[in-house]
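# need the 3D shape of this:
(one chain, ligands or ions: 2)
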Amino acid sequence: MSSNSGFRVAVFPGDGIGAEITEPTLRLIERAAARAGAPLPDWSHCDAGAVHYRDHGTALPKRSIATADAADAILLAAMGLPAVRYPDGREITPQIDLRMEFGLYAGVRPVKPIPGVRRVLADPRAHDIDYVILRESTEGLFAPQAPGTRDGDREARETMVITRPICEKLFDFAFRLADARGGQRKVTSVDKANVFGAFAFWREVFEARAAAHPGIGAESVYVDAFAMTMVQKPWSIDVAVTENMFGDILSDLGAALMGGMGYAPSADIGDTHAVFQPCHGSAPDIAGKGLANPTAMILSAAMMLDWLGTRHASRETARAGALLRAAVEAAFAPGRLVTCELGGDAGTAQVFAAVGDALERQD
Ligand code: ATP
Ligand code: MG
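Ligands and ions are numbered 1, 2, ... in the order given. The predicted structure is shown next:
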């Protein structure tokens, strides 16, 4: 934190709808901070993304990495566009490059539907869904140290990398998270240990770390069974820890259960840095039309304020995060607001206005 101002936050507006939802989110954070008596964050805007690559030839400039490195937190909207690719055809994903650059192994993806948003699951117990998918975010099937290979039109291969040091840190993070949440105090490890040796190893390391956290429950389940649990008995989940690819897929299922991609926030956390960003991408199909649901971005900002508040023992900053979250819930009180994403008429501007008004009503 710089001496007489607030936390330094590196801001990556990125591509598509990312650019549309960033500035109004910064204004909401400032209003929440002011209400909570917290110093206003000190924003540093960073260039990166597909449009930057198209216009300048680099997707994640060194200058942006340096700014992010020096910041207290990184707030990212969305990056990449299907139409802009590297010469070898790969998509431009600076958000993944940032995870690798700063070792952000812990992808925190809360699944907690907003009470007033149309419910996807009919069971009355679905009111109580409140869990976190903790997605390993630097290796697994996405490991950069084991790039896929392709032999012409004959075959293609990918390698899944599971390493003990990352797993141990991730599992310890999961047990600490279950402890801090103070709910069911349980960690569910999601794997496919019956088929893959890499997952048998994952399970072995998980069980060893579970023994080091005796106060927290631990169980291992297969990914297929876990996908069913997410739909049939989601209230039984507390913290679920997964390999990178499984987490990618399951967290989109979690987002759908909250109402859609526009409701799902996330954080990617490492030992020294953290990136906060909505789970969705740049959604070029709706960009420029005022239709994007900014709720996931606002909730990601709230997660950032929580994290900064806890890490730096700033009660006011944590309070700003709580205010922002309460304002989102109030804005979506039953009958108030139905987003375009769910077939209603509340576009980007209406959601921001409603959350801003609700923020003024919080105390
Ligand atoms: P990525 O590869 O970055 O995950 P993706 O190809 O999975 O991106 P997204 O951009 O996440 O795609 O979105 C998929 C679709 O969901 C979009 O095309 C859009 O229609 C919808 N969508 C995503 N985010 C939002 C949002 N914030 N508000 C409304 N609709 C959204
Ligand atoms: Mg996606």
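# okay, the closest residue to ligand 1 within the stretch 51-200 of the chain: pLDDT?
The nearest approach of the stretch 51-200 of the chain to ligand 1 comes at Gly80, 5.3 Å away (C-beta to the nearest ligand atom). Just so you know, the C-beta spots here come from the backbone N, C-alpha and C atoms, and that holds for glycine as well. pLDDT, Gly80: 96.
# repeat for the one 4 residues further on
What the model reports for Val84 is a pLDDT of 96.
# got the contact list for it?
Counting by C-beta atoms under 8 Å, 6 or more residues apart in numbering, Val84 makes contact with Ala50, Val51, Tyr53, Arg54, Ile92.
# kindly recompute the last result at 6 Å.
For Val84, the contacting residues are Ala50, Arg54, by C-beta atoms under 6 Å, 6 or more residues apart in numbering.
# in the sheet, who's paired with it?
Beta-bridge partners of Val84, counted by DSSP bridges, are Leu81.
# correct me if wrong: the residue of the stretch 51-200 of the chain closest to ligand 1 contacts Glu91.
Yes: in this structure, Gly80 is within contact of Glu91 by C-beta atoms under 6 Å, at 5.3 Å.
# those two - which one has more neighbours?
For Gly80 versus Glu91, the count of surrounding residues by other C-beta atoms under 10 Å is larger for Gly80: 24 against 15.
# gap between the residue of the stretch 251-363 of the chain found nearest ligand 1 and Gly262?
Scanning the stretch 251-363 of the chain for the residue nearest ligand 1 gives Gly281, at 2.3 Å (criterion: C-beta to the nearest ligand atom). Distance, Gly281 to Gly262, using C-beta to C-beta, to the nearest Å: 11 Å.
# how about Phe206?
Distance, Phe206 to Gly262, using C-beta to C-beta: 33 Å.
# then Tyr53?
25 Å.
# more crowded one of these two?
Regarding Tyr53 and Gly262, a neighbour count based on other C-beta under 10 Å identifies Gly262 as having more, with 27 against 23.
# list the contacts for the more buried one?
Counting by C-beta under 6 Å, 6+ apart, Gly262 touches Asn293, Thr295, Ala296, Glu341.
# among those, show me the least confident.
Scoring these by pLDDT puts Glu341 last, at 94.
# that one: what's it in contact with?
By C-beta under 6 Å, 6+ apart, Glu341 lies in contact with Gly260, Gly262, Asn293.
# so it: helix, strand or coil?
Classification of Glu341 by DSSP: H, G, I helix; E, B strand; the rest coil places it in helix.
# quick one: Val187 and Glu219 touch, right?
No: contact criterion C-beta under 6 Å: Val187 and Glu219 do not qualify, at 7.7 Å.
# give me the more crowded residue out of those two.
Val187 (28 against 12).
# average pLDDT for stretch 307-315?
94.
# same question, stretch 106-118
pLDDT averaged over stretch 106-118 gives 95.
# buried residues in that stretch?
For stretch 106-118, a neighbour-count test (16 or more other C-beta atoms under 10 Å) marks Ala106, Gly107, Val108, Arg109, Pro110, Val111, Lys112, Pro113, Ile114, Gly116, Val117 as buried.
# and if you look at stretch 263-279?
Buried-residue list, stretch 263-279, by 16+ other C-beta under 10 Å: 263-270, 273-279.
# for stretch 190-197, same thing?
Neighbour-count burial for stretch 190-197, counted by 16+ other C-beta under 10 Å, picks out Val190, Asp191, Lys192, Ala193.
# got a markdown table for these, with distance to Leu75 too?
Formatted as a markdown table, these follow (distance: C-beta to C-beta, whole Å):
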| residue | distance to Leu75 |
| --- | --- |
| Val190 | 28 |
| Asp191 | 32 |
| Lys192 | 34 |
| Ala193 | 37 |
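# between all of the residues you listed, which two are separated the most?
Val190 and Ala193 (10.2 Å; C-beta to C-beta).
# circling back to that earlier point, among the contacts of Gly262, which are in reach of ligand 1?
Among those, the residues that sit close to ligand 1 (C-beta under 6 Å from any ligand atom) are Asn293, Ala296, Glu341.
# can you get me a residue count around the first one?
Here the number of neighbours of Asn293 (other C-beta under 10 Å) works out to 28.
# which SS class is Ile74?
Once three-state DSSP is applied, Ile74 turns out strand.
# count the neighbours of it for me.
Ile74: 28 neighbours (other C-beta under 10 Å).
# now swap in Val51 and tell me
Val51: 21 neighbours (other C-beta under 10 Å).
# which residue packs closest to Ala218, ignoring adjacent ones?
Ala210 (3.5 Å; C-beta to C-beta, 6 or more residues apart in numbering).
# for that neighbour, grab phi and psi.
phi -60, psi -40 (degrees, to the nearest 10).
# which parts of the stretch 201-350 of the chain sit against ligand 1?
So the stretch 201-350 of the chain meets ligand 1 at Met261, Gly262, His280, Gly281, Ser282, Ala283, Asp285, Ile286, Ala292, Asn293, Ala296, Glu341 (C-beta under 6 Å from any ligand atom).
# this completes my enquiry, with thanks.
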